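J.: Generate a structure from the sequence data that follows.
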Amino acid sequence: MIKTRFVQWLETRWYEDSVIFWLIPLGFIYQRIIQIRQLLYQHNFLRTEVLPVPVIVVGNITVGGTGKTPLIIWMAQYLQQRGFNPGVISRGYGGKAKTWPQVVTAHNDCKMVGDEPIVIARQVSCPIVVGPSRVEDAQLLITDFQCDIILSDDGLQHYRLGREIEIAVIDGERGLGNGACLPAGPLREPRCRLDQVDAVIVNGLASHDTHNMQMVGGDAINLLTGEKKPLKEFSGIHFHLVAGIGHPQRFFNTLAEYGVQGEQHVFPDHHYFQLEDINFSDQKPVLMTEKDAVKCNAFAHESMWYMPIVAKPSTSFVSLFQQLISKKNHNS
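T.: Next comes the predicted model:
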């Protein structure tokens, strides 16, 4: 609990553009290590595995949620509609399976494979594999499922995996925070890393040299019965709003746009929920994210709902993405 509170305090400071002066030297050291590691891969001192099919990495350079997973879902559906056989790889954060890689279905236990891969599996029909080695994960998709294009959910810094296309996602509300590298700031890599990717897409408003996407809330879905209701029907009802994601306030803001209000309950990202976490004494209904819902199925009841999120990229990004996959697929 103390560790969680310290991390939350750090993130608050980072994204308030505050500079934690005593951490600046550590930030410089971390930045140098990252740059040296990248150079080792660029000059083949460390090996990059090149796969026989195109690989698209969707990642970020900041700590915390930016909207990568909804974008991966959109990409997988987009590629399927155009005749590709895509597969998705993910680290499966927090998964405790005894053997890797693991093929993920919508019915997997998130404690074994992580929460985000199950969210993807619930919305797309393509094969999904998780494991600590993204190269092995991708190779399994190619050999066992004949995938002709690979989508990597996160992994921008996983240089062992060769890639044809890199797409960086930025949170439009929080941006790059104070612009410093860990632990002085939220950056996993220096800001200049964005100059090396094929596209930068902002979750929210975009500047002249980036593209943007919007997160659109779908109908609320009951965890127990599967019943769907438009969010507008919940206007005026007071909920317990639950979010254990990288940027909970974005979820709460989206609900507010639909007139849904309630008491906000923030949990750490990837939190594994227990019944006591959301067993509120006043019996008010609970509304949570889909990422949280996959961890609550075992104790779901009729007053528990979740809201799926759908990514809607701008037309400029859709056009660029089409150009990128056409070019890379032709070259391969």
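
J.: drop to CA atoms for contacts and neighbour counts, all remaining ones
T.: Noted.

J.: Stretch 261-274: how far from the chain's middle?
T.: For stretch 261-274, the separation from the chain centroid amounts to 17 Å (computed by Cα atoms, centre = their mean, to the nearest Å).

J.: and the residue nearest to Q80 when sequence neighbours are not counted, backbone torsions?
T.: Leaving aside its sequence neighbours, Q80 sits nearest to P86 (Cα to Cα, 6 or more residues apart in numbering; 6.8 Å). With angles defined as degrees, to the nearest 10, P86 sits at phi -80, psi 160.

J.: I figured P86 hits V124, correct?
T.: No - contact criterion Cα atoms under 8 Å: P86 and V124 do not qualify, at 10.3 Å.

J.: More neighbours: these two, which one.
T.: P86 (26 against 17; other Cα atoms under 10 Å).

J.: what sits against the nearest residue to F267 once chain neighbours are set aside?
T.: Excluding its sequence neighbours, the residue lying closest to F267 (Cα to Cα, 6+ apart) is G244, at 4.3 Å. Taking Cα atoms under 8 Å, 6 or more residues apart in numbering as the criterion, G244 is in contact with V266, F267, P268, D269, H270, H271, T289, K291, D292.

J.: Out of these, flag the one nearest to P186.
T.: P186 lies nearest to D269 out of those, by Cα to Cα, at 15.0 Å.

J.: would you say that closest one is within a helix?
T.: No - checked against DSSP: H, G, I helix; E, B strand; the rest coil, D269 lies outside a helix; its state is coil.

J.: what's the lengthiest helix in the chain in contact with?
T.: Looking across the chain with DSSP state H, the single longest helix is helix 24-42. Helix 24-42 is contacted from outside by 46-48, 159-160, 180-185, 189-190, using Cα under 8 Å, 6+ apart.

J.: Please indicate which of those are buried?
T.: By neighbour count, with 16 or more other Cα atoms under 10 Å, those hold T48, Y159, R160, A180, C181, L182, P183, A184, G185, E189, P190 as buried.

J.: so where do the helices sit in the protein?
T.: Along the chain, the segments classed as helices by DSSP H run 2-15, 24-42, 68-81, 110-113, 116-123, 134-145, 248-257, 275-278, 290-293, 315-331.

J.: Give the buried residues for the longest helix of the chain.
T.: Residues of helix 24-42 classed as buried: I24, G27, F28, Y30, Q31, I34, Q38 (neighbour count, 16+ other Cα under 10 Å).

J.: Can you lay out these as a markdown table showing distance to Q81 and pLDDT?
T.: Below are the buried residues of helix 24-42 laid out as a markdown table (distance: Cα to Cα, whole Å; pLDDT from 0 to 100):
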| residue | distance to Q81 | pLDDT |
| --- | --- | --- |
| I24 | 47 | 93 |
| G27 | 44 | 95 |
| F28 | 45 | 95 |
| Y30 | 42 | 96 |
| Q31 | 41 | 95 |
| I34 | 38 | 95 |
| Q38 | 35 | 94 |
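
J.: Please compute how far stretch 250-257 lies from its chain's middle.
T.: Here stretch 250-257 is found 18 Å from its chain centre; the criterion is Cα atoms, centre = their mean.

J.: picking up where we left off before, what's the PyMOL syntax to select whichever of the contacts of G244 are buried?
T.: Burial among those is assessed by 16+ other Cα under 10 Å; the matching PyMOL selection reads:
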select buried, resi 267+268+269+270+271+289+291+292
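
J.: closest to R13 among the contacts of G244?
T.: Nearest member of the contacts of G244 to R13, counting by Cα to Cα, is P268, at 16.3 Å.

J.: Now tabulate the buried ones among the contacts of helix 24-42 in CSV and tack on distance to K327 and pLDDT.
T.: Below are these laid out as CSV (distance: Cα to Cα, whole Å; pLDDT from 0 to 100):
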residue, distance to K327, pLDDT
T48, 22, 97
Y159, 22, 96
R160, 23, 96
A180, 35, 94
C181, 34, 95
L182, 35, 94
P183, 38, 93
A184, 39, 94
G185, 36, 94
E189, 27, 96
P190, 28, 95
